[in-house]
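Peer 1: A predicted structure for the sequence below; I have some questions about it.
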Amino acid sequence: MISSIIVFALATYGVSRVKVPPAYRNIARVNFVMFVILAIGFSALTEDASGGVDSLKFYQRGPIALDAGFESLFQADLMYFLSGAIQFSAPISYTAFNLVGAIVFSYLGLVIIMRMAPVPDRKTILLWWFFTILPGVHFWNASFGKESLQLLAIASFFGLKKLPLRLFALLVLLMVRPHIALVLVAAELARIMLSRKSKGDFLVLLVAVVVAFYGLSYLVTRLGGTELSFEVMLRLFAEFGEEWRSSSLRLNDTSSILAYPDFFLRPYPAEIASWAHWATFIETLVVLVFLGWTLFASRITTRQFSPWLFLVLLILLLPLINPNVGTAARKKQLLPVAGLILVAAGSRQRRRKDEPRVLFQQTATTPS
């Protein structure tokens, strides 16, 4: 309890020094409280789990992994290293450990997105409140895990102005989620091709090559392949997660078009057997409305094109690499965050002289 209070106080003090734009203060307070409550609740629900909870494994094995060293920075190894470093410098409880992830990673990431549009328009404010009522998005980011660090890395890449910090965020994302880093690189490369080149684009291209090489190489090795080719990648993605498909709510073959309704709509009403299933189903419908509003009512400038394409590619990719309903609930939480970044990127921002006003425009149809 004492360590939880200490870490919570330090985290609160540190985050409070990051200035929240006045228009977002009430939204920021609600998000902060939700992260705190859900981090405490997540810790209580998972502290006795025998396995399968990443944050608990990072907490228990982190110091051991730090003592033994690690062979690779990819995926869980980076989280074990960070966990061990935190616990060696300041021994903390499991609850405090998750509070660090929820506040220092997730909440800070949301503040960075807020600062992308410090003077938001009405639509941006409404979408932020829409996002704030999604408990599942907060729950899956309210722990010390890859999801929370992923949120911070993506928000930092799109929201920070200093190029070295943006590139560092991209490398962190590569180490935490290689396939998401590849999607982000693809979106950024498309933006560079469509816009007037800037001085920093050469560095972005260089880092993009590194991310693509190591990301693809890692995925091939991790998923059991022996060579890097387009055919191998298609086969590996189609067979991804085969060992996780034993539950009653397993998904259809991810190489099929049925992967999309399965990912976005399951559990279907006929499969609902608990309040948790109902909550997942209802929130999924809200997320779909959120994404539809975000995508089809946007005027896409070059400033917005990269986050717009990033969101579209996520929607296309995630269902094809998802093995069951449980992991779908966790992976879907990234989509509303990407939607917020897209809206923030185009919320009454001053247009640069070299930036076209509109690349293309999408408008939601309204019945007469």
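Peer 2: Yep, it's here.
Peer 1: how about the strands in the chain?
Peer 2: Listed in chain order, the strands of the chain (DSSP state E) span residues 299-300, 360-361.
Peer 1: distance between stretch 157-176 and the chain's centre?
Peer 2: 13 Å (C-alpha atoms, centre = their mean, to the nearest Å).
Peer 1: Dump that stretch to PDB, restricted to CA.
Peer 2: Below are the C-alpha coordinates for stretch 157-176, written out as PDB (Å, rounded to 0.1, in the frame of the first residue of the first chain):
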ATOM      1  CA  PHE A 157       5.400   9.700 -33.200                       C
ATOM      2  CA  PHE A 158       2.400  11.700 -34.400                       C
ATOM      3  CA  GLY A 159       2.200  14.300 -31.700                       C
ATOM      4  CA  LEU A 160       5.800  15.300 -30.900                       C
ATOM      5  CA  LYS A 161       7.600  17.900 -33.000                       C
ATOM      6  CA  LYS A 162      11.200  17.000 -32.400                       C
ATOM      7  CA  LEU A 163      12.300  14.500 -35.100                       C
ATOM      8  CA  PRO A 164      14.800  12.600 -32.900                       C
ATOM      9  CA  LEU A 165      12.000  12.000 -30.400                       C
ATOM     10  CA  ARG A 166       9.600  10.800 -33.100                       C
ATOM     11  CA  LEU A 167      12.100   8.400 -34.500                       C
ATOM     12  CA  PHE A 168      12.900   7.100 -31.100                       C
ATOM     13  CA  ALA A 169       9.200   6.500 -30.500                       C
ATOM     14  CA  LEU A 170       9.100   4.500 -33.800                       C
ATOM     15  CA  LEU A 171      12.000   2.300 -32.700                       C
ATOM     16  CA  VAL A 172      10.300   1.700 -29.300                       C
ATOM     17  CA  LEU A 173       7.100   0.700 -31.200                       C
ATOM     18  CA  LEU A 174       9.300  -1.700 -33.400                       C
ATOM     19  CA  MET A 175      10.500  -3.300 -30.200                       C
ATOM     20  CA  VAL A 176       7.100  -3.600 -28.700                       C
END
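Peer 1: now what about that stretch, what contacts it?
Peer 2: Contacts of stretch 157-176 with the rest of the structure, by C-beta atoms under 8 Å, 6 or more residues apart in numbering, involve 73-75, 78-79, 112-113, 115-116, 146, 149-150, 152-154, 156, 180-181, 184-185, 200, 203-204, 207, 211, 214-215, 306-307, 341, 344-345. Yep, even glycine has a C-beta here, placed from its N, CA and C like the rest.
Peer 1: Among the strands of the chain, show the one with the smallest mean pLDDT.
Peer 2: Confidence, taken as mean pLDDT, is least for strand 360-361 of these (a mean of 44).
Peer 1: Show the model's pLDDT score for residue 243.
Peer 2: Each residue has a pLDDT score; the one for residue 243 is 41.
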